[in-house]
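Asker: Dropping the sequence and predicted coords here.
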Amino acid sequence: MGGCFSDVKGGQQAVGTGGSSGLAAHATAQQEANDAVGYLVHSRGLRGLYTTLEVDPLTLIEISLGKRNFASCLQLSLSASKLRDLDVLSKSDPLAVLHLKRTDGILEELGRTEVIMNNLSPTWITKFTINYQFEIVQHLVIGVYDVDTKYHNMPVKTINLNEQDYLGEASCVLSEIVTKPSSSLTLTLQQKRGPSSVRSGTITVHAEEPVSSRNAFEITFRCSKLENKDVFSKSDPFLRISKVVESGITIPVCKTEVVNNDLNPIWKPVTLRMQQLGSKACFHTRGKHEQLGTLQTSVADIEKLAWERGSANFYAHSHHGAKKMLKGQLFVDNFIEKSQFSFLDYISSGFQLNFMVAIDFTEFSASSNGDPRHTSSLHFIDPSGRLNSYQQAIISVGEVLQFYDSDKHFPAWGFGGRISHGSVSHCFNLNGSPGESEVSGVEGIMAAYAMALHNVALSGPTLFGPVICKAAEIATQSLSIGQNKYYALLIITDGVITDLQATVDAIVRASDLPMSILIVGVGGADFKEMEFLDADNGKRLESSTGRIATRDIVQFVPMRDLQGNQVSVAQSLLEELPVQFLSYMWSRDIKPFSLRS
Amino acid sequence: MQINPMRFPPRFLTLPYKERTMRIHAHTLQQRMERAATIEITILSAEELRRLGNTPTFVAVRPGVGGDVRSSQTVVTGIDCDGGRYPRWNEKMRLALPPSSRSITVEVCCRPRGGGRARRVAAAEVPVSDFRWPEDYLHLLSYRLREADGRANGIVNFSVRVLGGGARECNNKPQGGFVTVGYPVGY
């Protein structure tokens, strides 16, 4: 249960999750996600907001290479009202079972509540811990049963549900719960068998993030009597804080700055997130390149050091694995607990992710887009209903993002196509209307795309600039109304772009706006330029005027990498989106609505 | 310059000379300020500065080429002593931007430890169009710094907000070609 860090806060009852390995993986992923944000914020020097990495510029590159994955621990609680009464002499004794529907359609039981006796509007105490993953659609199915009196003394897990009276079931998507105000969703219970007209009551699912997942600590460290390693002057020490993962490996979490020529250094405060640390931390004091000592401790112990004004000694490890206590000591001058807003804090308070699509209508080569009526074309729409790569990309990204957009009206454009009056347009409305680019729902995008294939002739060249500028214009306009919208532009392309510099310029300008760009590459073209735009190598994009992107807003995934792979296009495209969303909100100090004023 | 008859009623000429000059001066100043936008600029940090060692650095900001020289001012940050090639200032300043300026100049300067004159390390010319709209929006910007001969030398990170309604707050600030010195916060 390390993923929830309940060992520090205590008292969190968690029942039957999908297995502890998943949660442990989540802890690491979350830490990486935080590091990513830390890097972004650090690179702009917003020390006050978030400090993880200090001084050493080399670490920046190291961090941004890691693949980030956004996951967060959620606690679901259930309550019901007006359940059917199946007992003759008393009322029903309800129990609820929570299932997660996997992609292959199989229901996986996440856990059961306790049985509440003689109650038609129960509020169950048992909470379910679930790993919320932004990038996938998580279908939940809740079944409610009336447990027979003779089973009341049995542990709930061993009760055979087939022998119980069935009160109904409800299903929803986890994203629907977290986007509701106060994160509560009420569903009507349905009857699997029998007439659907029977009123079987409602069930309410409430999602909550454990408080500990937002915790961060600002700690001021000081050392004394460190060993001198320099010959002519004193050591130049810095602290490196690592976390110890289950396998015993230490992963660096943050560093302090280097204090020159000082054996009793005081460092500037560092901020650590609870999720970065887990419960154990490992301290290394280093002079330049040489280790001065290490210390393994826990957050609780650091807090204790701060309160008691005590100290802890460093150790040296010899090659034989023996430990030797050193004279050098660590002190904690200040220990402040703070909290930071999470992605779900924003989403549940009314922030939205708005989806926009742009589709490539260029005729790159015969083997690529070609004639859309020909089976070899990437645009070929199979009458049998098999989706082409463009349709797959729209559906897989759209079905995740649609829950975060309240009106479900999505702007959809095409580029590089020859429209009716013969000219090539680098940004035309997919629905054919001259003024209105918005279509309704993911089905609306699919219909507009199919229609555009009939009306628009494939042409070229491939320019991204106009589409990105159009999206940026919409994002800019939204700012005058409020700051609760974030835009995700999906560009689906067959590859080689002809306006690389103009695209870079547009992306650099957009990095200052509430938007991210997701690019899917279809077909077998050379996607080197796309990988350059997706600044995953840690290099910031630079425009022709010398302006530099303030954050990474592009995520690129080639479709061919994913064919036959378990990870869907959407998953790899969307995994960075919450991190990019948070980097935007945090760096501007934008707060969730409920916490304003 | 047009004199607003509402502000200068007929009995204006009966006022003592000193009073008259003061009123005209205040009026001119106000007219100029009404047209100028005030920006709030926070110089955050610089990265990858070359050939600097551990020299203390500061940043100067002024309206760029095309600015009205008489009304333009230069604002400077405090000095970062220990940042070396990665200095941080994190300092908020206000600057009146004459309507004629098309850009602002952000200059990283250094002050040698042993004393001596401050010298310009590298500068960036920032087009006003990059942050003019929307008003009151906090733009986070980064620019490539260049030396006088055009060679790239690091990156400067800052945020800019064009003050909308409160633009006239700057009225009481000194005008003219002199330097307003800011003091670092949090040291």
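Answerer: Now that the structure is in, tell me what you want to look at.

Asker: all strands of chain B, in order?
Answerer: Remark: strands assigned in chain B by DSSP state E are B:37-47, B:57-63, B:74-76, B:88-97, B:103-110, B:119-127, B:139-146, B:152-163, B:179-181.

Asker: Name the residue of chain B that lies nearest to chain A.
Answerer: In chain B, no residue comes nearer to chain A than B:S45, which is 3.0 Å away by CB to the nearest CB. The C-beta positions use only the backbone N, C-alpha and C, and glycine is treated the same way.

Asker: thinking again about what came up before, out of the strands of chain B, which comes closest to A:V557?
Answerer: Minimum separation from A:V557 across the strands of chain B (CB to CB) falls at strand B:139-146, 26.2 Å.

Asker: Report the inter-axis angle for the closest one versus strand B:119-127.
Answerer: Interaxial angle, strand B:139-146 versus strand B:119-127 (axes from the mean of the first three to the mean of the last three CA atoms, to 10 degrees): 130 degrees.

Asker: Just checking, which helix or strand of the chain averages the lowest pLDDT?
Answerer: I went with chain A, as the question did not name one. Here the helix or strand of chain A ranked lowest by mean pLDDT, DSSP states H and E is helix A:58-65, holding a mean of 23.

Asker: Off-centre distance for the helix or strand immediately after that helix in the chain?
Answerer: Next along the chain after helix A:58-65, taking DSSP states H and E as the criterion, comes strand A:71-81. Per CA atoms, centre = their mean, to the nearest Å, the displacement of strand A:71-81 from the mean C-alpha position of its chain is 18 Å.

Asker: helices or strands up against strand A:71-81?
Answerer: Applying 3 or more CB pairs under 8 Å, 6 or more residues apart in numbering or on different chains; DSSP states H and E, one finds that strand A:71-81 contacts helix A:20-43, strand A:94-101, strand A:128-133, helix A:174-178, strand A:202-208, helix A:343-348.

Asker: Could you pick out the residues of chain B near chain A for me?
Answerer: B:44-45, B:47-48, B:82, B:86, B:88, B:90, B:124-127, B:130, B:133-134, B:137-144, B:146, B:155, B:157 (CB under 8 Å from any CB of the partner chain).

Asker: that older thread, switch the strands of chain B over to CSV; also include distance to A:F556, mean pLDDT and mean neighbour count.
Answerer: Output for the strands of chain B, formatted as CSV (distance: least, CB to CB, whole Å; pLDDT from 0 to 100; neighbours: other CB atoms under 10 Å in any protein chain shown):
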stretch, distance to A:F556, mean pLDDT, mean neighbour count
strand B:37-47, 25, 90, 23
strand B:57-63, 35, 90, 23
strand B:74-76, 40, 87, 19
strand B:88-97, 32, 88, 21
strand B:103-110, 32, 90, 21
strand B:119-127, 29, 91, 19
strand B:139-146, 22, 94, 21
strand B:152-163, 23, 92, 21
strand B:179-181, 46, 38, 12
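
Asker: Between the ones you listed, which one is closest to A:G416.
Answerer: Taking those one by one with CB to CB, strand B:119-127 is closest: 29.4 Å.

Asker: On the three-state scheme, A:L489 is what?
Answerer: Secondary structure for A:L489, judged by DSSP: H, G, I helix; E, B strand; the rest coil, is strand.

Asker: Tell me the residues of the stretch 251-400 of chain A that contact chain B?
Answerer: So the stretch 251-400 of chain A meets chain B at A:E257 (CB under 8 Å from any CB).

Asker: Low-confidence ranges, the stretch 251-400 of chain A, go.
Answerer: A:251-254, A:273-290, A:318-321, A:339, A:364-370 (pLDDT under 70).

Asker: what about the helices in it?
Answerer: With helices called from DSSP state H, counting those that start in this stretch, the stretch 251-400 of chain A shows them at A:274-277, A:299-308, A:343-348, A:389-401.

Asker: Check those for me and report the most buried one.
Answerer: Comparing those by mean neighbour count (mean count of other CB atoms under 10 Å in any protein chain shown), helix A:274-277 ranks first with a mean of 26.

Asker: Could you pull out the buried residues of stretch A:154-162?
Answerer: For stretch A:154-162, the neighbour count (16 or more other CB atoms under 10 Å in any protein chain shown) marks A:156, A:159 as buried.

Asker: Pull up the distance across that stretch, start to finish.
Answerer: Length of stretch A:154-162, first residue to last, CA to CA, to the nearest Å: 15 Å.

Asker: How about stretch A:522-539?
Answerer: 25 Å.

Asker: hmm, that stretch touching chain B?
Answerer: No - Stretch A:522-539 lies out of reach of chain B by CB under 8 Å from any CB, never closer than 11.4 Å.

Asker: A:Q190 touches A:L167, doesn't it?
Answerer: No - between A:Q190 and A:L167 there is no contact, the gap being 10.6 Å when judged by CB atoms under 8 Å.

Asker: In three-state terms, label the residue in the stretch 101-250 of chain A that chain B sits nearest to for me.
Answerer: Chain B sits closest to A:D236 of the stretch 101-250 of chain A, with a gap of 11.9 Å, by CB to the nearest CB. Assigned with three-state DSSP, A:D236 falls in the coil class.

Asker: mind checking how far it is from A:V258?
Answerer: 5 Å (CB to CB, to the nearest Å).

Asker: The two: which is more packed in?
Answerer: Higher neighbour count among A:D236 and A:V258: A:V258, with 22 against 17, using other CB atoms under 10 Å in any protein chain shown.

Asker: pretty sure the more buried one contacts A:S235?
Answerer: No - the pair A:V258 / A:S235 is not scored as a contact, 10.0 Å apart, by CB under 8 Å.

Asker: does A:F221 sit in a helix or strand, and which one?
Answerer: strand A:215-224.

Asker: Run through who's touching that strand.
Answerer: The contact list for strand A:215-224 (CB atoms under 8 Å, 6 or more residues apart in numbering or on different chains) reads A:237, A:239, A:256, A:263-274, A:285, A:299, A:302, A:306, A:311, A:328-340.

Asker: Give me the buried entries from the residues you listed.
Answerer: A:237, A:239, A:256, A:263, A:265, A:267, A:269-274, A:285, A:299, A:302, A:306, A:328-332, A:335, A:340.

Asker: Counting only strands, which of the residues you listed make the cut?
Answerer: A:239, A:270-273, A:285, A:328-332, A:335.

Asker: before we move on, the earlier item: mind checking the helices of the stretch 251-400 of chain A for the one nearest to A:Y132?
Answerer: That would be, of these and by CB to CB, helix A:343-348, which comes in at 7.2 Å.

Asker: residues in contact with that closest one?
Answerer: Under CB under 8 Å, 6+ apart, the answer for helix A:343-348 is A:70, A:72, A:74, A:132, A:134, A:178-183, A:207, A:209, A:214, A:353, A:404, A:578, A:581-582, A:585, A:592, A:594-595.

Asker: Out of those, which end up buried?
Answerer: Judged by 16+ other CB under 10 Å, buried ones among the contacts of helix A:343-348: A:70, A:72, A:74, A:132, A:134, A:178-180, A:183, A:207, A:209, A:214, A:353, A:404, A:578, A:581-582, A:585, A:592.

Asker: The nearest residue to B:E107 once chain neighbours are set aside: what's it in contact with?
Answerer: Nearest non-adjacent residue to B:E107, counting by CB to CB, 6 or more residues apart in numbering or on different chains: B:A123, 4.2 Å away. Applying CB under 8 Å, 6+ apart, we find B:A123 in contact with B:105-108, B:145-146.

Asker: do A:C172 as well
Answerer: A:C172 sits next to A:139-140, A:185, A:187, A:205 when contact means CB under 8 Å, 6+ apart.

Asker: which one among the residues you listed gets closest to A:V504?
Answerer: The closest of the contacts of A:C172 to A:V504 turns out to be A:H139 (CB to CB; 39.6 Å).

Asker: Can you tell me the number of residues neighbouring the closest residue to that closest one other than its chain neighbours?
Answerer: Counting by CB to CB, 6+ apart, A:H139 lies nearest to A:K101, which is 3.9 Å off, once chain neighbours are set aside. A count of nearby residues for A:K101, using other CB under 10 Å, gives 16.

Asker: close enough to count as contact, the residue of the stretch 101-250 of chain A closest to chain B and A:N260?
Answerer: Yes - using CB under 8 Å, A:D236 is in contact with A:N260, at 4.9 Å.
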